[in-house]
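**Student:** Prediction below, plus the sequence it came from.
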Amino acid sequence: MTARPGPKNLITDVPGLRVGNAQDTTIKTGATVMTADAPFTTGVHVMGGAPGSRETDLLAPDKTVEQVDALVLSGGSAFGLDAASGVADALRAAGRGFAVADQLVPIVPGAIVFDLLNGGDKDWPKNPYKSLGAAALAQAGSDFALGSVGAGTGATTANLKGGLGSASWVLPSGHTVGALVVVNALGSATVGDSAYFWAAPFEVGDEFGGLGPARSYPDTAMPPTKLSSHANTTIGIVATDAKLTKAQCTRLATAAHDGLARALMPSHTPMDGDLIFAAATGARALDSPFADTLYLGHAAAHCMARAIARAVYLATPSADDPLPCWQSLYT
């Protein structure tokens, strides 16, 4: 058996995972939640210089809590961290959480992107992100939309509108790996002013246009950026059904950053908060701990690169967008 995308080509091809989106198109922002019926093991790796996150210290291999109840990706910069509070409240009401005596404390790590300069109305009277987080959790299922939805609603790149992307891969070992990403990068997912994606060598079929690699390349020493706006960060999740420890999840998240670097130029800059969570449901044992974890990491990077391109490819226009969509220019 060769590696291939899962049936949905979404992170929810990992059995048991569910993803939900909620957005406010007037503000041009939103939240995306990944959860499951049971807690799952999670790690994280941060490579950007300006991250915004919640509960990431808890995910270090030496910390006590082994599993989490949900992961939250949100717009809103620091305001968006409140999306995880809405998720935590809803999970607690549903009887989910880490048991401490007679109390349940849902463990809900999260990360945010800066989307405050994207043309939306940010003059809200009350922080909207707690409600957006709860609404995204309520929508969680195995099918979900991509593009200008959820936490990708107001995302941008250097030259095009960004968005929410996902992709999956089923390995010859039978393990499934998936990626979910919010592309709001300082850099670009496309080669210069062309329609071609940096991730083209990793495309499966025509999942982001089927154009293949660029025929020529501009000066890559000084690629386009949105440095002047400081409206950056790409955040994501890679997930698998493999049985992994927190340390192995951390390594999986680290490997997935290779996909981010393949699909965005530049990436991991001082002004990006590039962060990737890794989640493992533990449903499928490792046959060979060394070989399986090697290929899981490779698959995570592969899926992340494809998911980034799909986010930009599937973005849709709305009023007062500061940048065009790929679809508006090239289809």
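**Tutor:** Arrived safely, thanks for sending. The model shown is predicted, which means the values in this text are computed figures rather than measured ones.
**Student:** from here on, contacts and neighbour counts on C-alpha atoms
**Tutor:** OK.
**Student:** quick one: low-confidence ranges for the stretch 101-250 of the chain?
**Tutor:** Of all residues in the stretch 101-250 of the chain, those with pLDDT under 70 make up the ranges 228-231.
**Student:** For residue 57, give me phi and psi.
**Tutor:** Summarising the backbone geometry of residue 57 under the convention degrees, to the nearest 10, its torsions are phi -60, psi -30.
**Student:** measure it to residue 29 for me?
**Tutor:** Between residue 57 and residue 29 the distance is 26 Å, computed by Cα to Cα, to the nearest Å.
**Student:** who has more neighbours, the two?
**Tutor:** When neighbours are counted by other Cα atoms under 10 Å, residue 29 comes out ahead of the other of residue 57 and residue 29, with 32 against 13.
**Student:** Could you export the helix or strand encompassing residue 178 as CSV, CA atoms only?
**Tutor:** Taking DSSP states H and E as the criterion, the element that holds residue 178 is strand 176-183. These are the backbone C-alpha positions of strand 176-183, laid out as CSV (Å, rounded to 0.1, in the frame of the first residue of the first chain):
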residue,chain,number,x,y,z
THR,A,176,-3.6,8.3,9.5
VAL,A,177,-2.1,11.7,9.8
GLY,A,178,-3.9,15.0,9.3
ALA,A,179,-3.2,18.7,9.4
LEU,A,180,-5.3,21.8,10.2
VAL,A,181,-3.9,25.3,9.8
VAL,A,182,-4.8,29.0,9.9
VAL,A,183,-2.6,30.8,7.3
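**Student:** which neighbours does it have in its sheet, and in what orientation?
**Tutor:** Paired neighbours of strand 176-183 in the sheet (DSSP bridges): strand 163-170 (antiparallel), strand 234-242 (antiparallel).
**Student:** list the buried ones in the shortest one?
**Tutor:** Buried positions in strand 163-170, judged by neighbour count with 16 or more other Cα atoms under 10 Å: 163, 164, 165, 166, 167, 168, 169, 170.
**Student:** okay if I get those residues as a markdown table plus distance to residue 89?
**Tutor:** Converted to a markdown table, those look like this (distance: Cα to Cα, whole Å):
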| residue | distance to residue 89 |
| --- | --- |
| 163 | 27 |
| 164 | 25 |
| 165 | 27 |
| 166 | 27 |
| 167 | 29 |
| 168 | 30 |
| 169 | 33 |
| 170 | 34 |
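**Student:** Looking at the residues you listed, which one is closest to residue 118?
**Tutor:** The shortest distance between residue 118 and any of these, using Cα to Cα, involves residue 163 and amounts to 12.3 Å.
**Student:** Provide a list of residues in contact with that closest one.
**Tutor:** Taking Cα atoms under 8 Å, 6 or more residues apart in numbering as the contact definition, residue 163 lies against 146-149, 151-156, 182-184, 311-312, 314-315.
**Student:** partners of the lengthiest strand in the chain, with directions?
**Tutor:** Identified as the longest strand of the chain according to DSSP state E is strand 29-46. The partner list of strand 29-46 in its sheet, established with DSSP bridges, is strand 17-24 (antiparallel), strand 67-74 (antiparallel), strand 275-284 (antiparallel).
**Student:** Could you tell me how many residues sit around residue 24?
**Tutor:** Other residues near residue 24 number 19, with proximity taken as other Cα under 10 Å.
**Student:** Just give me the neighbour total for the closest residue to it other than its chain neighbours.
**Tutor:** Using Cα to Cα, 6 or more residues apart in numbering and skipping the chain neighbours, the partner closest in space to residue 24 is residue 30 (6.0 Å). Neighbour count of residue 30, defined by other Cα under 10 Å: 32.
**Student:** in the sheet, who's paired with residue 30?
**Tutor:** Listed by DSSP bridges, the beta-bridge partners for residue 30 are residue 23.
**Student:** go on, residue 180?
**Tutor:** residue 166, residue 237.
**Student:** Surely it is in contact with residue 152?
**Tutor:** No. Taking Cα atoms under 8 Å as the definition, residue 180 is not a contact partner of residue 152, at 10.8 Å.
**Student:** All good on my end, thank you.
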